[in-house]
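Colleague: Need the 3D shape of this:
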Amino acid sequence: MTLQQLEAALAAANGKDTAVREALRACVRAMREGKCDDLPEMVELLLPYARHPNERVRTEIAGASDLFPDAAYAEVAAIFEKDVAPYVRAAFERATERRNERKKDRAKVEESDQALAEVLAEIEAVHGKPGRARAERAVRRAVGQLVTRLEHEVKRQRGPVELALVALETEIERPTPVRAALVEKHAGLRESLKYMSAILKRTRVYAQRVRPAFEEELLWEVVEQARQNLAQALGERAARVEMDIVVDRTLRVPVDRYALLQALENVLKNAVEASGERPKVSVRAEVRSRGKLVAITIADQGTGMSEEELARLFVPFASVKEGGTGVGMVTVRKMIEDVHGGELLVASTLGKGTVVTMVVPGRR
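Modeller: Coordinates of the predicted model:
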C-alpha cells in the first residue's frame, strides 16, 4: 500500500467508522508485511486517529504502534496510556511487549556483534587484511552449513504454517467478535514468514562461494542497470530520488558483472535508506594509476555513521536497522575485495553523510 492509496481509502470512507477501520487495517497489514514505501509519512497520517472517538478505530492504531518510529511511538504512548477503553489499552500493551522484545533481541545481537568485531580487529592487527579475510571465510563456511540446515527445517515447517494461514484467512472473513485479533495474528505470522525467508536468502548470498567470470564491460551500463534495479525495488518512491551519475560512457572495465551489480545495488540502497524523504546520491567513476585501477565512488547526504557504527559495518549480521540482516556491506566487500581483488573504502560523518569507494583493477 502506498501513501496515496491510504489517503484515497480514508477519503472514500467519508468518516464512516467501519470503512475507516477497514482502511486502517489494510494499511497496518501492509506495514507488517513490509509493503509500504512511505512508512514515515503513513505513520504521520495515522497519528490523528489515536484520538478518534470510536474505540475500535483507536484499537487499530494502538495495535500497530510497535511499528512506529520512536518519536511517533512516544506520541501515541502518551495518549493510549490514559485511554479508558480496555480494548485500546490491551492492544497498546501487546504492541509495547512486541516492541520491547525486539529491543531486547537487538541488544543481545549487538553484544555478540561487538565481541566478533573485536576478535576480527585483533586478527587484522596481528595478521593484516589477509588474516582477517581468512577468518571471515571461516565464518562464511560455518554460516553456509547453518543455512543449509535451517533451510531444510524451514521447508519442513513452512507447509503446515501456510496451510494454517489459509484456514485463518477463511475465519477472518467471517463476522466474529475476535476478528481484529485474528487479523493481527494473521499479519504477524505472514510477517514472520517473510522475515525468515529474507534472512535465509541474504545469509545464503553471504555464505556462497562466487566463481568470477570476468568480461570487458561498459562500466556506465553496469551502473545504469544497478540504478534501474533499485528504482524498480523502490516503486513510487524512486521518483523522489535524485541520482547524479558521472561515468565515462566509453570506459570498459574487466569485471564480474553479477558481482559488481550486487555491490552497487547494496551501496545505492543503503545510500537511499539513509537519506530521508528526498535522497540525493552521486555516483562517480575515476581512472587511477594510468589505467591500472578504476574507482567508483557513491556519496550520499544522509544520516552518516558514528565511529561505533563504522566499526561494526563489516561484522556479519550486525545490522541495527529495522528488518536488516547485517550482510549488505559484508557482501559488498566480498564482491569487491574477494571476487575482484580490489579495495573497499568507507568514510562517514554522523549527520552529514557517507562516501563509499569501490576500487577495482582496470585491467587483468
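Colleague: and for stretch 128-139, what are the contacting residues?
Modeller: For stretch 128-139, the surrounding residues in contact (Cβ atoms under 8 Å, 6 or more residues apart in numbering) are 119-120, 123-124, 127, 316, 330, 337-338. For every residue, glycine as well, the C-beta is placed using N, CA and C.
Colleague: quick one: which of these sit in helices?
Modeller: Among those, the ones falling in helices (DSSP state H) are 119-120, 123-124, 127, 330.
Colleague: So which of these wins on neighbours?
Modeller: In terms of neighbour count, V330 stands highest of those at 24 neighbours, by other Cβ atoms under 10 Å.
Colleague: before we move on, back to that, for the ones in helices among the contacts of stretch 128-139, work out which two are farthest apart.
Modeller: H127 and V330 (18.9 Å; Cβ to Cβ).
Colleague: Pick the one among the contacts of stretch 128-139 closest to E215.
Modeller: Nearest to E215 among those, counting by Cβ to Cβ, is D338 at 18.2 Å.
Colleague: so S348, which of the three states?
Modeller: Here S348 is recorded as strand under DSSP: H, G, I helix; E, B strand; the rest coil.
Colleague: Could you tell me the model confidence score at it?
Modeller: For S348, the model assigns a pLDDT of 92.
Colleague: these two touch, right, it and A311?
Modeller: No: counting by Cβ atoms under 8 Å, S348 does not reach A311; the two are 11.3 Å apart.
Colleague: Of these two, which one has the most company?
Modeller: Taking other Cβ under 10 Å, S348 and A311 do not tie; S348 has more neighbours (21 against 17).
Colleague: Look up how far E308 lies from the more buried one.
Modeller: Distance of S348 to E308, computed by Cβ to Cβ, to the nearest Å: 11 Å.
Colleague: I'd like the domain boundaries of this protein, if you could list them.
Modeller: Domain assignment for the chain by automatic domain parsing gives 3-90, 108-207, 215-361.
Colleague: what's the least confident stretch among those domains?
Modeller: domain 108-207 - the lowest mean pLDDT of those, at a mean of 70.
Colleague: List the contacts of L6.
Modeller: With Cβ under 8 Å, 6+ apart, L6 has these contacts: 23, 27, 42, 45.
Colleague: which residues are in contact with the host helix or strand of E44?
Modeller: In the assignment (DSSP states H and E), E44 maps to helix 39-46. Outside helix 39-46, the residues that touch it by Cβ under 8 Å, 6+ apart are 1, 3, 6-7, 10, 24, 27, 31, 36, 61, 64, 67-69, 72, 277.
Colleague: In helices, which of these appear?
Modeller: Per DSSP H, the contacts of helix 39-46 map to helices at 3, 6-7, 10, 24, 27, 31, 61, 64, 72.
Colleague: Buried ones among those residues?
Modeller: 3, 6, 10, 24, 27, 31, 61, 64, 72 (16 or more other Cβ atoms under 10 Å).
Colleague: which stretches of the stretch 151-300 of the chain form helices?
Modeller: Under the criterion DSSP state H, counting those that start in this stretch, the stretch 151-300 of the chain contains helices at 179-207, 219-234, 257-273.
Colleague: contacting residues around the nearest residue to D38 once chain neighbours are set aside?
Modeller: Closest residue to D38 apart from its sequence neighbours, by Cβ to Cβ, 6 or more residues apart in numbering: L3 at 3.9 Å. Taking Cβ under 8 Å, 6+ apart, we find L3 in contact with 37-38, 41-42, 45.
Colleague: distance of S275 from G131?
Modeller: For S275, the distance to G131 - Cβ to Cβ - is 35 Å.
Colleague: Between the two, which is the more surrounded one?
Modeller: Neighbour count, other Cβ under 10 Å: between S275 and G131, S275 has more, with 20 against 15.
Colleague: now that one, nearest residue through space, not along the chain?
Modeller: G302 (3.8 Å).
Colleague: Pretty sure that neighbour sits against G353.
Modeller: Yes: the criterion here is Cβ under 8 Å, and G302 meets it with G353 at 5.3 Å.
Colleague: and for these two, which residues touch both?
Modeller: 274-275.
Colleague: in stretch 19-38, what counts as buried?
Modeller: Under 16+ other Cβ under 10 Å, the buried positions of stretch 19-38 are 20-21, 23-25, 27-32, 36-38.
Colleague: now swap in stretch 299-308 and tell me
Modeller: Here stretch 299-308 shows 299-305 as buried, counting by 16+ other Cβ under 10 Å.
Colleague: count of residues packed around A135?
Modeller: Neighbours of A135 (other Cβ under 10 Å): 17.
Colleague: now swap in P160 and tell me
Modeller: 9.
Colleague: related to what we said a few turns ago, determine which two of the contacts of L6 are furthest apart.
Modeller: Greatest spacing in the contacts of L6, by Cβ to Cβ: A23 and M42 (11.4 Å).
Colleague: Tell me if I'm right that A311 and L120 touch.
Modeller: No: A311 is not in contact with L120 according to Cβ under 8 Å; the separation is 9.9 Å.
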